[in-house]
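> mind folding the following:
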Amino acid sequence: MGIKALFQALNIISKKIHLRKFKGKTIAIDGYVLLYKHAFKSAREILVEKSSKTLVKNCMEFIDLLVGFGITPFVVFDGASLPMKLETQSKRTKTRLESFKKAQEFEKEGNMKEANRFYQRSVRIRSNNAHDLLVALKKKNIQVLVAPYEADPQLAWLSMNGHVDAVLSVDSDLIVLGVKTFIHRWDSKGNAEQIDRKDIWTIMPYVKDLATKKISFIENQKENEKGNEKEKEKEKEKDKEQVQEQEQETKKAKNITVPFDFRGWKEEKFLRMCVLSGCDFLSNIRGIGIQRAFQFTNSTESMSQVFELIEQDNRFLIPNGYIERFKLSLLTFLHQKVFDIVNKKLVPLRPYNPEISWDQEIENSEKDFSFLGPDIENEILIKISIGEFDPHTNKPFPEQNVINTTNENENVMNQTNENENEKEKEEEKEKEKEKDTQMEIEKTDIDQEKEESKENN
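Below you'll find the predicted structure:
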């Protein structure tokens, strides 16, 4: 999901481009975004037939497109689930299960159009689906990386440390996390939009300036008319329509509020606004969207001042536990765990430093970062990063899924499907196939919410 309405606030600096402009460059791609973007075309195949064949084929077509543009793709996959997102995952799993049941009902009735619609709503990418794509990517010598936890901070780390030239995704979280060049809204022809993080600090209330200019113009026009009564009468009818149009535009401009003015802002202020407007880790306070979040943040200099201001406004009620959860959300954006590809170890996205301003006000006195997930043994971490170990079990993937460069892609996919069939046979000993499939959706609560964004693409 990302930050609610952040793209709306940054729309003025989102530039239309073609991906060819990155010829000779490296673009990091969110692997699960890629999977979900193409999953809706084969939702039933993924859920019922438990096959990734079509899904992988469609994803690889996009990778081939990038390579054809002279781009070096670097695909990053999600790892283990992040504890901070468990509540969000639980809600979405329930919604998917309900959609899956409806899909099965429509299929029994022979209404495949509606069945497919609900299969698309319930589609869930599992770690084995992601691993199937990883196998295909490795066969084509495409660089891949499995993050210890979320892919988003891992992508941000790659960007911040100069390992990639841009990041392609749909999640606005990445901009907040620190990605320097962000690509979104792409299509199959290579058209896309680009947001450069450095441009955020140039955003100003352009609509407000425009409105002021129009108001000033009309007031000056009325002053001039007072000194030229005779000329005014002659031109009255001629100018009447023009003046009415200008006044109407001015009225509209006065009613439009585009308050975003990030000039002079610091990173921590921007982060504060984004979390307050609502994110994956914390729902927004009822009635506070991104514009009000901007207003509260813009007129304050610290987190404590923000909440003092909100408490003084009787239109809003701060829920119990919200402020503590707010602190944890800030810490999550700042210090999520990522894999250092140079030193081959687990590191925070940004080092925790209570001496800098944004860590001072949210100081974690107990130094407890368990909400960011447990540390991972280095040997296991490395095997996860290269796709040999399942990040959800910290154990090797089934033997059938091990990379084999002597096989063609079709053979690799067939091996994966055979493995899935073996699993089904074992599970069917205890439960019926239909019920097992439903339970499987509940169990596969991988830390991915990105499919909602992709429904709009």
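
> can you tell me the element Phe74 falls in?
In this assignment (DSSP states H and E), Phe74 forms part of strand 72-77.

> can you list the strands that that strand pairs with?
Strands that pair with strand 72-77, judged by DSSP bridges, come out as strand 26-30 (parallel), strand 143-146 (parallel).

> after that strand, which helix or strand is next?
Taking DSSP H and E, what comes next after strand 72-77 is helix 86-108.

> go through that following helix and flag the buried ones.
For helix 86-108, burial by neighbour count (16 or more other Cβ atoms under 10 Å) applies to 88-89, 92-93, 96-97, 99-100, 102-104, 106-107. All C-beta spots, glycine's among them, are computed from the backbone N, C-alpha and C.

> over to stretch 296-314?
Using 16+ other Cβ under 10 Å as the test for burial, stretch 296-314 gives Phe296, Thr297, Thr300, Met303, Val306, Phe307, Ile310.

> using PDB, list the CA coordinates for that stretch.
C-alpha atoms of stretch 296-314 as PDB (Å, rounded to 0.1, in the frame of the first residue of the first chain):
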ATOM      1  CA  PHE A 296       0.300  19.600  11.600                       C
ATOM      2  CA  THR A 297       3.900  18.800  10.700                       C
ATOM      3  CA  ASN A 298       4.700  22.000   8.800                       C
ATOM      4  CA  SER A 299       3.900  24.200  11.800                       C
ATOM      5  CA  THR A 300       5.900  22.100  14.300                       C
ATOM      6  CA  GLU A 301       9.500  21.000  14.800                       C
ATOM      7  CA  SER A 302       9.200  17.800  16.800                       C
ATOM      8  CA  MET A 303       7.000  14.700  17.200                       C
ATOM      9  CA  SER A 304       5.800  15.900  20.600                       C
ATOM     10  CA  GLN A 305       4.700  19.200  19.200                       C
ATOM     11  CA  VAL A 306       2.700  17.400  16.500                       C
ATOM     12  CA  PHE A 307       0.700  15.500  19.000                       C
ATOM     13  CA  GLU A 308       0.200  18.500  21.300                       C
ATOM     14  CA  LEU A 309      -1.300  20.300  18.300                       C
ATOM     15  CA  ILE A 310      -3.600  17.400  17.500                       C
ATOM     16  CA  GLU A 311      -4.700  17.100  21.100                       C
ATOM     17  CA  GLN A 312      -5.800  20.800  21.100                       C
ATOM     18  CA  ASP A 313      -8.000  20.200  18.100                       C
ATOM     19  CA  ASN A 314     -11.300  18.600  19.300                       C
END
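
> what lies in contact with that stretch?
259, 261, 269, 272-273, 276, 285, 288, 316, 318, 323, 326-327, 330, 361-362 (Cβ atoms under 8 Å, 6 or more residues apart in numbering).

> got the contact list for Phe118?
Phe118 makes contacts with Ser99, Phe100, Lys102, Ala103, Phe106, as judged by Cβ under 8 Å, 6+ apart.

> give me that answer again for 6 Å
Residues near Phe118 by Cβ atoms under 6 Å, 6 or more residues apart in numbering: Ser99, Lys102, Ala103.

> quick one: it is in a strand?
No - secondary structure assignment (DSSP: H, G, I helix; E, B strand; the rest coil) places Phe118 in helix, not in a strand.

> tell me the pLDDT at it?
On pLDDT, Phe118 comes in at 90.

> name the nearest residue to it, ignoring sequence neighbours.
Of all residues not flanking Phe118 in the chain, Ala103 sits nearest, at 3.6 Å (Cβ to Cβ, 6 or more residues apart in numbering).

> quick check: the one you found touching Ala115?
Yes - counting by Cβ atoms under 6 Å, Ala103 does reach Ala115; the two are 4.9 Å apart.

> coming back round to it: contacts for the strand holding Phe74, please.
Looking at what lies outside strand 72-77 - Cβ under 6 Å, 6+ apart - the contacts are 26, 28-29, 31, 63, 66, 130, 137, 142-146, 151, 154-155, 164.

> now, of those, which are buried?
Of the contacts of strand 72-77, these count as buried by 16+ other Cβ under 10 Å: 28-29, 31, 63, 66, 130, 137, 142-146, 151, 154-155, 164.

> from the chain's centre, how far out does stretch 12-20 sit?
Chain-centre distance of stretch 12-20: 18 Å, with Cα atoms, centre = their mean, to the nearest Å.

> quick one: Cys274 and Val176 touch, right?
Yes - between Cys274 and Val176 there is a contact under Cβ under 6 Å: 4.9 Å.

> could you tell me how many residues sit around Ala39?
Neighbours of Ala39 under the rule other Cβ atoms under 10 Å: 26.

> element containing the residue nearest the centre of the chain, please.
With distances taken as Cα atoms, centre = their mean, Asp171 lies nearest the centre of the chain, 1.7 Å away. According to DSSP H and E, Asp171 maps onto no helix or strand at all.

> which residue packs closest to it, ignoring adjacent ones?
Gly2 (4.4 Å).

> that neighbour contacts Ser172, doesn't it?
Yes - counting by Cβ under 6 Å, Ser172 is a contact partner of Gly2 at 3.7 Å.

> domains for the protein, by residue range?
The chain breaks down into these domains under automatic domain parsing: 6-202+375-454, 206-255.

> could you tell me the least trusted of those domains?
domain 206-255 (a mean of 48).

> show me the strands in this protein, by range?
Along the chain, counting by DSSP state E, strands occupy 15-18, 26-30, 72-77, 143-146, 166-168, 181-184, 191-196, 337-340, 345-348, 389-390, 395-396.

> mind checking which of those strands is nearest Asp375?
Nearest to Asp375 among these is strand 345-348; the distance by Cβ to Cβ comes to 6.2 Å.

> so what are the sheet partners of the closest one and their directions?
strand 337-340 (antiparallel).

> list of residues touching the strand it pairs with?
Pro148, Tyr149, Pro153, Gln154, Trp157, Leu346, Val347, Leu349, Leu372, Ser385.

> closest one of these to Asn394?
Pro148 (10.5 Å).
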